[in-house]
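Chemist: below is the structure, and that's it, no one-letter string:
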């Protein structure tokens, strides 16, 4: 009888494994078809039953990184690396290397020191391919820049006043232009996601700085002066401004000496376009530009910083954590005086630097149309979400605001990540109790601490999302 029961158990386990493998294959198929959201749902469903499954964790990590949900990807990728998991079910390029993916996740969540340590180990590892090492070296340089910029960042240096999200093609609609700031025009772009080139004209309209292609078809900055006979021929700015990469989005202060611009150079850059500042010497030659740092710059595209010194406000644009074709324009207090010179601990600095990424922004032309998901149509999606007092939503169709509905979908995804992380944390704590006197204890303490930090961060996201969803639904 016992033998029969054992056979039944073995058969049942085999069936479960076969089903899981079939599900994994379906998830990979969706992932390869760029249906990232659908594939992530498949891998998440597997992980709810088998949180330690290396293969499901690996593909969930890829899907989360592709969705730019780097914070949630970290615990998944750590499982993969700890188990030294490899697969032949997907092209094993540098972009799919688990260590490189984890380093990118650390980098995009401003854990620059952790990214540096991992990338340096990759560069020194003889088993890592030359192609992966090349990618690792490029990211390593950016991570070192990030670490330096984060160390010099003081959260008291800047106060954000407002922000607005709009189409990139309508970028300038959020900027106030007058004789104090000068005037900016943008070229029409080929697509809604294209970044325009900018022309800046001084408040007195006697000088302009424009973006043009050079002989190598890269973008450089040029200057033209206005005389009685008209505008002079545009000449490239002198000095160290222009590089073999693209320079764009010029803005010059009324002093005629200080210029802000954006460049996608690989040097002293966090990724994409970063904002730089430079000034001229007595001969009108621009000195070596300086990266203006965090929180203005990020691993995404950050550009077009404009300052109205008379009003004491400034603006800059960023597409960090935004859908394709969208950009956020932030307004900040330019004349902020630092009132606290005490050195902040790195944890508070890290949180402050990331805060802009989660800043709640208004939308231009957002509308009130309901967005009903496929699960709404099936009638199977059920939940209990308290909106106000005794008002409880139980279906996606209950939502009146499309932004609130999108926020609720994000809330569900984060809650799934919390559930998985809590299971892993519990498992690590049990291992620590059994092995607290072994050599593995130190690494377990580190792992437990990181899981606890991840949980705190994810729960903070839930609180913020819940508060914002309720606000939108109660307008």
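Modeler: Perfect, I can see it now. As the structure is a computational prediction, the values presented were derived from the model and not from experiment.

Chemist: I'd like the mean pLDDT over stretch 205-219, please.
Modeler: The average pLDDT within stretch 205-219 is 87.

Chemist: any residues touching that stretch, and which ones?
Modeler: Applying CB atoms under 8 Å, 6 or more residues apart in numbering, the contact partners of stretch 205-219 are 183, 197-202, 220-226, 231, 234, 236-237, 242, 244-250, 252, 256, 259. The way it works is simple: take the backbone N, C-alpha and C, and place the C-beta from them, glycine included.

Chemist: quick one: end-to-end length of it, please.
Modeler: End-to-end distance for stretch 205-219: 23 Å, by CA to CA, to the nearest Å.

Chemist: buried residues in that stretch, which are they?
Modeler: 207, 208, 209, 210, 211, 219 (16 or more other CB atoms under 10 Å).

Chemist: mind picking the one among the residues you listed that's closest to residue 474?
Modeler: Using CB to CB, residue 211 comes nearest to residue 474 of the buried residues of stretch 205-219, at 44.7 Å.

Chemist: if I look at the closest one, how far off is residue 269?
Modeler: 18 Å (CB to CB, to the nearest Å).

Chemist: quick revisit: just the ones of the contacts of stretch 205-219 in strands?
Modeler: Cross-referencing the contacts of stretch 205-219 against strands under DSSP state E gives 183, 198-201, 220-226, 231, 236, 247-250, 252, 259.

Chemist: out of those residues, which are buried?
Modeler: So, by 16+ other CB under 10 Å, the buried ones in the ones in strands among the contacts of stretch 205-219 are 183, 198-201, 220-224, 247-250, 252, 259.

Chemist: so which of those sits lowest on pLDDT?
Modeler: Within these, pLDDT is lowest for residue 198, at 90.

Chemist: so that one is in contact with residue 246, correct?
Modeler: No: taking CB atoms under 8 Å as the definition, residue 198 is not a contact partner of residue 246, at 11.8 Å.

Chemist: and stretch 176-184, what's buried?
Modeler: Those would be 181, 182, 183, 184, for stretch 176-184 by 16+ other CB under 10 Å.

Chemist: just stretch 456-469 next, same as before
Modeler: For stretch 456-469, using 16+ other CB under 10 Å, the buried residues are 457, 458, 461, 465, 468, 469.

Chemist: which stretch of helix or strand covers residue 150?
Modeler: Here residue 150, judged by DSSP states H and E, is contained in helix 130-151.

Chemist: by mean pLDDT, which helix or strand of the protein comes out lowest?
Modeler: The helix or strand of the chain with the lowest confidence, counting by mean pLDDT, DSSP states H and E, is helix 374-378 at a mean of 39.

Chemist: what strands flank the next helix or strand after it, and is each parallel or antiparallel?
Modeler: Per DSSP H and E, the first helix or strand lying C-terminal to helix 374-378 is strand 385-388. If you go by DSSP bridges, strand 385-388 pairs up with strand 391-393 (antiparallel).

Chemist: which strands and helices sit next to the next helix or strand after the strand it pairs with?
Modeler: For strand 391-393, the following helix or strand on the C-terminal side (DSSP H and E) is helix 402-435. Applying 3 or more CB pairs under 8 Å, 6 or more residues apart in numbering; DSSP states H and E, we find helix 402-435 packed against helix 36-49, helix 70-82, helix 441-473.

Chemist: ok, which of the ones you listed comes nearest residue 292?
Modeler: Comparing these against residue 292 with CB to CB, the closest turns out to be helix 70-82 (23.4 Å).

Chemist: can you list the buried residues in the closest one?
Modeler: 70, 71, 72, 73, 74, 75, 76, 77, 78, 79, 80, 81.

Chemist: okay if I get those as TSV plus distance to residue 413 and pLDDT?
Modeler: Shown next, in TSV, are those (distance: CB to CB, whole Å; pLDDT from 0 to 100):
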residue	distance to residue 413	pLDDT
70	13	92
71	11	90
72	8	92
73	12	93
74	15	94
75	14	93
76	13	93
77	17	94
78	19	93
79	18	92
80	20	91
81	23	92
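
Chemist: give me the element residue 349 is part of.
Modeler: Using DSSP H and E, residue 349 falls in helix 346-355.

Chemist: gap between that helix and the chain center?
Modeler: In terms of CA atoms, centre = their mean, to the nearest Å, the centre of helix 346-355 is found 14 Å from the chain centre.

Chemist: contacts for it, please.
Modeler: Residues contacting helix 346-355 (CB under 8 Å, 6+ apart): 109, 110, 111, 150, 153, 154, 155, 294, 295, 344.

Chemist: nearest residue to the third one other than its sequence neighbours?
Modeler: The shortest distance from residue 111 to any non-neighbouring residue, by CB to CB, 6 or more residues apart in numbering, is to residue 350 (7.6 Å).

Chemist: what about stretch 310-330, distance to the chain center?
Modeler: Distance, centroid of stretch 310-330 to centroid of chain: 14 Å (CA atoms, centre = their mean).
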